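Visitor: Give me a model of this one.
(one chain, ligands or ions: 1)
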Amino acid sequence: MILAIDGPAGAGKSTVAKQLARELGLTFLDTGAMYRAVTWIALERGVDVHDEAACAAVARSMRIDFDDQGRVRVDGRPGEPRIRAEDVTAAVSHVAAHPAVRRVVVPMQREEARRRGGVVAEGRDVGSVVFPAADFKFYLDASPEVRAERRARELGRPDLYGEILLAMRERDRLDTTRADSPLVRADDAFLVDSDALDAAGVVRAMLLCVRARARA
Ligand code: DC
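Guide: Presented below is the predicted three-dimensional model:
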């Protein structure tokens, strides 16, 4: 079974996807971590993140896999916490916008899902492009203000709210306006708005959808 969860940065997709995977006995596939891994290695090698061919060459040269906790690895090296650092976060939207990079990474995502037999995948295009035939598709949305406020709280830095909000809007802009596989809600995706729901509430709503169909 494949469950696809798309939505903007900071909507809570990975928290929800991990819980849902646990509930359903599936594994969690963090597709954004793969673009972050490519970005990390590109920065490490001094590659210009705006150079599409060079970024694609980086992606082709790496072996990306996941440990048994679902954390990304590059040639056996753990990607966490390096892939969450600020320089990677600021550059990743540029790297992920390159079609030549996506042509390398998307087949890896499909292969991961095939190898594992079933996944809860989260990202920006997992329902629309990577797994168009997913059994369930969700689009998890939340307003930029709520997402920025949650992120600031997570970091324990309420003073950074304004800065985080600006960075989040910029990432949304890049992710939704790129030519290849922009962030969109697939026609057949259930829309879940997390502004008024905590993670447990979102998981409950999604499980209701899954179980309702299983009974139908
Ligand atoms: O979800 P995240 O913040 O870890 O994603 C990192 C970047 O990767 C984000 O800017 C969008 C991009 N991404 C993508 O283009 N397609 C995906 N399926 C997942 C993430």
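
Visitor: what residues does the chain put near the ligand?
Guide: 9, 31-32, 35-36, 92-93, 96, 123-126, 171, 175 (C-beta under 6 Å from any ligand atom). Bear in mind the C-beta positions are built from the backbone N, C-alpha and C, glycine included.

Visitor: Could you list everything the residue nearest the centre of the chain pairs with in the sheet?
Guide: Among the residues of the chain, residue 123 comes closest to the average C-alpha position under C-alpha atoms, centre = their mean, at 2.9 Å. Counting by DSSP bridges, residue 123 forms beta bridges with residue 6.

Visitor: pLDDT score for it?
Guide: Note for residue 123: predicted pLDDT of 97.

Visitor: re the thing from before, from the residues of the chain next to the ligand, which land in strands?
Guide: Secondary structure assignment (DSSP state E) places residue 123 from these within strands.

Visitor: Could you measure from residue 31 over to residue 11?
Guide: 14 Å (C-beta to C-beta, to the nearest Å).

Visitor: OK, contacts around the residue nearest to the centre of the chain?
Guide: By C-beta atoms under 8 Å, 6 or more residues apart in numbering, residue 123 lies in contact with 5, 6, 13, 30, 31, 32, 130.

Visitor: gap between the two ends of stretch 45-61?
Guide: 12 Å (C-alpha to C-alpha, to the nearest Å).

Visitor: Unless I misread the structure, residue 46 falls within a helix.
Guide: No. With DSSP: H, G, I helix; E, B strand; the rest coil as the criterion, residue 46 is located in coil rather than a helix.

Visitor: In contact with residue 74: list those residues for me.
Guide: 37, 40, 41, 62, 63, 64.

Visitor: Just the buried residues of these.
Guide: 37, 40, 41, 62, 64 (16 or more other C-beta atoms under 10 Å).

Visitor: So which elements touch the helix or strand where the third one lies?
Guide: This points to residue 41. Secondary structure assignment for residue 41, by DSSP states H and E: helix 31-44. Packing contacts for helix 31-44, counted by 3 or more C-beta pairs under 8 Å, 6 or more residues apart in numbering; DSSP states H and E, involve helix 52-61, strand 64-66, strand 72-74, helix 86-96, helix 99-116, strand 119-123.

Visitor: So what touches it?
Guide: 49, 54-55, 58-59, 62, 64, 71-72, 74, 79, 82-84, 87-89, 91-92, 95-96, 101, 105, 108-109, 121-124, 126, 130.
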